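Chemist: Sequence and predicted structure below; questions after.
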Amino acid sequence: MTLARAACAAIVVGMMMATPGSAGQPISPRFNADPSPHYFKGRYYLYATNDQDNSGTYWDSTDWRLFTSKDLVHWKDAGSFLSVSVFAWARPDAKAWAPEAAHRNGKYYYYAPVGGDKIGVAVSNAPEGPFVDARGDALIDKARDGNAGAEPIDPAVLIDDDGQAYLLFGTRVPKIVKLKSDMIHTEGPILDLIVTGFPSDDPKKAYGEAPFLHKRNGLYYFSFSTGWPGQIVYATAKSPMGPYAYRGVILDYLPISTNHQAIIERKGRSWLFYHDNLLPGGGDHKRSIAIEPLTYNPDGTIRQVYPTKPAVAPAQ
């Protein structure tokens, strides 16, 4: 998020407070945000932005945090497992923003926005690391790559049933590009991901940031935040490349200037991960991740999530 958007969000967010009693339950007493949840090796791994160690006035932490769980309820803090210093090409004070992870080829890949203008990729033999730079330069570089957009941040990865991997990222205009099977090189051009059918009566319900893509029953679900502050909304398509048709709201405005979601599915159950202002001393820059069950209607549409406390029942 740029300084200009942050200032604007601070003004608007006060007017969009959540309903009393709607707060979720934070997964940790530490501040954390921008969830990237995965089920690896019989355990849930949650990669996150490290809000605990930022300045409190900006999203300027320089490392990422990892949490693990067996049941989505009891979480273990695995520490700050990776720093921007793993990328020799990055400035040592570069901001470490919303991450993503993926498993393929027997290895674990970590997609890391660095400094707001590049996305690096690191690789490890284990989900907790240690990770090393997989390339020696950025996977996505605003100064190098055509149509990388104003801010190549917020990476999200989907490996489709046919083995093709896709990388989504970006603010204001969502971007999508194919990944080669090695998961560390792009294949083909970076394209704009098109969403149609935004509500005409509310121009704020348009794409802002936090792209995420998952697939269910042959349908692709593209979810994202509408802005600063933003709702979490979604659109669907029959192809990962779109175009996508707007379908509705997953999570309404919360009393915080940003939001960033992810959806995980296992054994026929789904959960929504997001962040909110949930801990004492928290706020726009000191955020907390929470989890809620996510359910679908018979026609495949997603039912809107209303945060509760406690948020989830144990999963397997």
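Modeler: It's in. Numbers count the residues shown, from 1 in each chain.
Chemist: Just list the residues touching the residue nearest to residue 141 when sequence neighbours are not counted, thanks.
Modeler: With sequence-adjacent residues excluded and distances taken as CB to CB, 6 or more residues apart in numbering, residue 141 is closest to residue 118, at 5.1 Å. C-beta coordinates here come from the backbone N, C-alpha and C atoms, glycine included. By CB atoms under 8 Å, 6 or more residues apart in numbering, the contact set of residue 118 is 90, 138, 140-142, 152.
Chemist: From these, pick the one nearest residue 81.
Modeler: Residue 81 lies nearest to residue 90 out of those, by CB to CB, at 16.7 Å.
Chemist: Assumed the closest one was part of a strand.
Modeler: No. Assigned with DSSP: H, G, I helix; E, B strand; the rest coil, residue 90 falls outside any strand and is coil.
Chemist: How many neighbouring residues does it have?
Modeler: By other CB atoms under 10 Å, 21 other residues sit near residue 90.
Chemist: try residue 301
Modeler: Counted with other CB under 10 Å, residue 301 comes out at 13.
Chemist: can you tell me how far the nearest residue to it once chain neighbours are set aside sits from residue 269?
Modeler: Once flanking residues are discounted, residue 301 sits nearest to residue 247: 5.9 Å by CB to CB, 6+ apart. From residue 247 across to residue 269, the span is 21 Å (CB to CB, to the nearest Å).
Chemist: hang on, the earlier thing: my guess is the residue nearest to residue 301 meets residue 223, correct?
Modeler: No. The criterion here is CB atoms under 8 Å, and residue 247 misses it with residue 223 at 9.6 Å.
Chemist: Who has more neighbours out of the two?
Modeler: More crowded of residue 247 and residue 223, by other CB under 10 Å: residue 223, with 23 against 17.
Chemist: Quick check: the more buried one is in a helix.
Modeler: No. Checked against three-state DSSP, residue 223 lies outside a helix; its state is strand.
Chemist: List the contacts of the closest residue to it other than its chain neighbours.
Modeler: Nearest residue to residue 223, sequence neighbours excluded (CB to CB, 6+ apart): residue 234, at 4.2 Å. The contact partners of residue 234, taken as CB under 8 Å, 6+ apart, are 221-224, 246-248, 250, 302.
Chemist: Give me the phi and psi for residue 234.
Modeler: Here is the backbone geometry of residue 234 (degrees, to the nearest 10): phi -150, psi 160.
Chemist: Show me what it is bridged to.
Modeler: For residue 234, the beta-bridge partners under DSSP bridges are residue 223, residue 248.
Chemist: what's the pLDDT at it?
Modeler: On the pLDDT scale, residue 234 is placed at 98.
Chemist: How about residue 74?
Modeler: Value for residue 74, per-residue pLDDT: 96.
Chemist: Please apply the same query to the one 4 residues further on.
Modeler: Note for residue 78: predicted pLDDT of 98.
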